[in-house]
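S.K.: one predicted model, sequence on top.
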Amino acid sequence: MSDKIDISKKESNPEKSLQEESDEEILDTDDEEELLLPRDTLLSAGIHIGTRMRTKDMDNFIYRVRPDGLFVLDVKKTDERIRIAAKFLSRFEPARIAVVAARLYARYPAKKFCEVTKATPIVGRFVPGLFSNPLYSNRLEPAVIIVSDPKADAQAVEEAGIMGIPVIALCSTDNEFTGVDFVIPTNNKGRRALAIIYWMFARQVLREREELAPDKDIDLSIDDFEAKISRVEM
Amino acid sequence: MSTATKNTTVIQTPICTSCNRTIPPGAEATRFDCPNCGEIIIWRCQKCRQFGRKYKCPKCGFMGP
Ligand SMILES: [Zn+2]
Ligand SMILES: [Zn+2]
């Protein structure tokens, strides 16, 4: 919420630093290829806003550093990766796709993603052994997993590694690629950013499965994907 | 995972797409179809996954992770 306001102010600030100006030149470029959502929608949700930390792993996805020290992601690459990830997922049996979300703001959009794509949600605390303990009666055997943050969902990433399950991860500027097979660069902490990324991703998966026409939207809105602040547990 | 007979050798031992080393049977590794083109099987050994090493699809050029 706070970064949402912060960004819109930043983008319209007439006194831009040189760095910001050169940034906008590229951000405003009318790419021939359209983005999955208008750039403004992505930017106002802070999809591109990372953290004050950058890892070497994320270098290729980082666009610049803002004067306030926040590293910013390249939304074009976010868009590209969502498209490829959706293609990738469309080759799996829906129920064998598991979506992991330990962190509060990720839980609700992850569940909505599963509702739309018929994937299996694993939200809240990840029970150790859920993938890797053969003695655990409720053990799951997904064919692929999506983690909302490889740091917060480290247990799932580790167990997927043991079991040879490929891992798709939403990664911000502070994430490392340990145990990750496919990265989707995005703000993975903001409430609105997570709603948009999971909404966009869900819609793209249905389009790739040809369950949805390329110009059609899913029934649920982005707002429907957003965790409500008053909601304690989803 | 490789079978050898007198006249033919069928090599099925997977090779890590990142480091080109063979992955011994039973070793921790992931395999998946190239996320982009879906036509090539990508193998990643435990080490390469641990260190987040890049892999490149020989067919479409997709670079991961
Ligand atoms: Zn390797
Ligand atoms: Zn490929």
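M.R.: Looks like it came in fine. Ligands and ions are numbered 1, 2, ... in the order given.
S.K.: who in chain B is up against ligand 2?
M.R.: By Cβ under 5 Å from the ion, the part of chain B that sits against ligand 2 consists of B:Cys34, B:Asn36, B:Cys37, B:Cys57, B:Lys59, B:Cys60, B:Phe62. Bear in mind the C-beta positions are built from the backbone N, C-alpha and C, glycine included.
S.K.: hang on, the fifth one packs against B:Pro35?
M.R.: No. In this structure B:Lys59 lies outside contact range of B:Pro35 using Cβ atoms under 8 Å: 11.9 Å.
S.K.: so between these two, which is more surrounded?
M.R.: Higher neighbour count among B:Lys59 and B:Pro35: B:Pro35, with 25 against 12, using other Cβ atoms under 10 Å in any protein chain shown.
S.K.: my guess is A:Asn138 contacts A:Ile122, does it?
M.R.: No. In this structure A:Asn138 lies outside contact range of A:Ile122 using Cβ under 8 Å: 11.0 Å.
S.K.: which one of those two has more residues nearby?
M.R.: The neighbour comparison of A:Asn138 against A:Ile122 (other Cβ under 10 Å) goes to A:Ile122, with 26 against 8.
S.K.: what touches both of A:Asn138 and A:Ile122?
M.R.: Shared contacts of A:Asn138 and A:Ile122 (Cβ atoms under 8 Å, 6 or more residues apart in numbering or on different chains): A:Leu130.
S.K.: just the buried ones from the residues of chain B next to ligand 2?
M.R.: B:Cys34, B:Asn36, B:Cys57, B:Phe62 (16 or more other Cβ atoms under 10 Å in any protein chain shown).
S.K.: check these against A:Asp59 and report the nearest one.
M.R.: Nearest to A:Asp59, judged by Cβ to Cβ, of these is B:Phe62 at 17.8 Å.
S.K.: from A:Asp57, how far out is the nearest residue to the closest one once chain neighbours are set aside?
M.R.: Distances taken as Cβ to Cβ, 6 or more residues apart in numbering or on different chains put B:Asn36 closest to B:Phe62, at 3.8 Å, once the chain neighbours are dropped. Remark: distance between B:Asn36 and A:Asp57 (Cβ to Cβ, to the nearest Å) = 20 Å.
S.K.: so A:Thr51 makes contact with A:Cys171?
M.R.: No. Using Cβ under 8 Å, A:Thr51 is not in contact with A:Cys171; the gap is 11.1 Å.
S.K.: compare these two (neighbour count), which wins?
M.R.: Each of A:Thr51 and A:Cys171 has its neighbours counted (other Cβ under 10 Å); A:Cys171 has more, 28 against 16.
S.K.: name the SS class of the spatially closest residue to the more buried one that is not a sequence neighbour, please.
M.R.: Spatially, and ignoring its direct neighbours in sequence, A:Cys171 is nearest to A:Val183 (4.8 Å; Cβ to Cβ, 6+ apart). The assignment at A:Val183 comes out as strand when based on DSSP: H, G, I helix; E, B strand; the rest coil.
S.K.: who does A:Val183 form a beta bridge with?
M.R.: A:Ala169 (DSSP bridges).
S.K.: what is the burial count for the residue in chain A positioned nearest to ligand 2?
M.R.: Ranking the residues of chain A by distance to ligand 2 (Cβ to the ion) places A:Ile84 first, at 9.5 Å. Neighbour count for A:Ile84, taken as other Cβ under 10 Å: 21.
S.K.: which of the helices or strands spans it?
M.R.: helix A:75-89 (DSSP states H and E).
S.K.: does chain B sit close to that helix?
M.R.: Yes. Shown here: helix A:75-89 in contact with chain B (Cβ under 8 Å from any Cβ of the partner chain) through A:Ile84, A:Ala85, A:Lys87, A:Phe88.
S.K.: that concludes my questions; thank you for your assistance.
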